[in-house]
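In: Sequence plus the predicted model coming up.
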Amino acid sequence: MAMTSDVERITRSRRDLPRWRNLDWTLVIAFIGIAFIGVMMVYSSTRGGAALRSGTTTYFLQRQAMFVALGVVVCGVTAAIDYHRWMRFTPILVIGTVVLLLAVISPLGTKQKGAQAW
């Protein structure tokens with residue numbers, strides 16, 4: 001009978017756990033806290049302008065909350081995918097990132113009042 005080392009036993013037991021058990025809960029709570037603070041800051045700074053624009057003071061609050069919810073879904077889907085699968089796409093992601101960075105400093109878009117816009 002072969003003896004398994006402690007490292008193998010711990011690694012095997014971690015793999016058998018559900019994915020949500022491997023989350024860094026401190027990071028998740030910090031993410032939610034920062035998102036909440038951001039939504040509240042958007043609301044506090046735009047409630048007067050939102051009333052003039054759309055008739056309701058919560059227009060920008062609802063819009064920001066929708067984008068935060070979309071971001072949470074994207075983060076959840078990304079976290080659910082094993083990070084080893086992302087390694088296959090590394091060259092494509094690096095090339096795409098470099099192309100987008102070069103597009104920022106390229107003469108694309110329009111220049112008005114000293115600002116470059118897409």
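Out: Yep, it's here. Numbers count the residues shown, from 1 in each chain.
In: This protein: helices as residue ranges?
Out: 6-16, 25-54, 59-80, 83-86, 90-105 (DSSP state H).
In: which other residues reach the shortest one?
Out: With Cβ atoms under 8 Å, 6 or more residues apart in numbering as the contact definition, helix 83-86 has outside contacts at residue 93. Any C-beta I mention is one placed from the backbone N, CA and C, and that applies to glycine too.
In: Let me see the mean pLDDT of that helix.
Out: Averaging pLDDT along helix 83-86 gives 82.
In: Render the CA-only coordinates of it in PDB, please.
Out: Coordinates of each C-alpha in helix 83-86 appear next as PDB, following Å, rounded to 0.1, in the frame of the first residue of the first chain:
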ATOM      1  CA  TYR A  83      -7.100  29.500 -15.000                       C
ATOM      2  CA  HIS A  84      -5.100  26.800 -16.800                       C
ATOM      3  CA  ARG A  85      -7.500  27.200 -19.700                       C
ATOM      4  CA  TRP A  86      -6.700  30.800 -20.100                       C
END
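In: can you list the helices of the chain in JSON lines and add distance to residue 112 and mean neighbour count?
Out: Output for the helices of the chain, formatted as JSON lines (distance: least, Cβ to Cβ, whole Å; neighbours: other Cβ atoms under 10 Å):
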{"stretch": "helix 6-16", "distance to residue 112": "54", "mean neighbour count": "9"}
{"stretch": "helix 25-54", "distance to residue 112": "22", "mean neighbour count": "13"}
{"stretch": "helix 59-80", "distance to residue 112": "24", "mean neighbour count": "13"}
{"stretch": "helix 83-86", "distance to residue 112": "39", "mean neighbour count": "8"}
{"stretch": "helix 90-105", "distance to residue 112": "17", "mean neighbour count": "10"}
